[in-house]
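Trainee: for reference, the sequence and a predicted model appear below.
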Amino acid sequence: MAELNTGGGGKKGGGKVRSKKQNSRVDLTAMVDLAFLLITFFMLTTTLSKPQSMNLGLPDKEDNPDKKSDIKVDENRTMTILIGENGKLVYYMGMLNTPIAGPKDISYDKEGIRKELMKRRKSVLEYSASVGKPKNGIIVIIKPSKKSTYRNLVDILDEMAIVDVPTYAIVNEFTPEETKLLAAK
């Protein structure tokens, strides 16, 4: 048989020492788990922090803007809310020159405008039922002044949603009497 030369010059066990190569495997299980936890966390937080919006129906643009069409509404069903500066809130039922109720200053809380809206909504439904039109509910006209804040308008719109007022409109036209009413301290 032939001898195998190990490169050691004839000596047994001498020569270069070679280290064993070990397979270095990194266990990435923890990293994968962390990645999935982060993904689910961010998916959850984005679904929970969606901005809330309120539906606001606006009328279609008219073909002829010069043509003014007045809509006749039963004054027994109409409530007008005037929003002034510094959180001032005034309401009246019917027409201002011959009001059914008010004009009266009222607060934004649940014991103020919400309670009044619920009471008026119920009385208007009773009135409509007695006239033979039980589906006709209260109509609220919201009039924010130029000095009112956006927050006050949003608070009133929230109250419309809470009380479930079927018909309301935002109007920015004030009569001189309404302007005086808001200016009164």
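Mentor: That came through fine. Note that this is a predicted model, so its numbers are computed, not measured.
Trainee: all strands of the protein, in order?
Mentor: In the chain, the strands defined using DSSP state E lie at 78-83, 89-94, 99-105, 139-144, 167-170.
Trainee: just say which of those is most tucked in.
Mentor: Of the strands of the chain, the one with the most neighbours on average (mean count of other Cβ atoms under 10 Å) is strand 78-83, at a mean of 22. C-beta coordinates here come from the backbone N, C-alpha and C atoms, glycine included.
Trainee: average model confidence for that strand?
Mentor: Averaging pLDDT along strand 78-83 gives 85.
Trainee: check which helices and strands it sits against.
Mentor: With contacts defined as 3 or more Cβ pairs under 8 Å, 6 or more residues apart in numbering; DSSP states H and E, strand 78-83 has these neighbours: strand 89-94, strand 139-144, helix 150-163, helix 176-183.
Trainee: out of those, which comes closest to residue 47?
Mentor: helix 150-163 (22.4 Å; Cβ to Cβ).
Trainee: and that closest one, what's its mean pLDDT?
Mentor: Confidence for helix 150-163, expressed as mean pLDDT, is 85.
Trainee: so where is the chain shaky, pLDDT-wise?
Mentor: Along the chain, segments meeting pLDDT under 70 span 1-15, 50-73, 185.
Trainee: hmm, 80 instead?
Mentor: Residue ranges of the chain with pLDDT under 80: 1-26, 47-77, 87, 94-102, 108-110, 128, 131-135, 137, 174, 176-185.
Trainee: longest single helix anywhere in it?
Mentor: Using DSSP state H to define each element, the chain has its longest helix at helix 29-48.
Trainee: what's near enough to touch the residue nearest to residue 80 when sequence neighbours are not counted?
Mentor: Sequence neighbours aside, residue 141 is the residue nearest to residue 80 in space, at 4.6 Å (criterion: Cβ to Cβ, 6 or more residues apart in numbering). If you count contacts by Cβ atoms under 8 Å, 6 or more residues apart in numbering, residue 141 has them with 78-81, 168-169, 171.
Trainee: which one of those is nearest residue 27?
Mentor: Ranking the contacts of residue 141 by separation from residue 27, with Cβ to Cβ as the measure, puts residue 168 on top at 62.9 Å.
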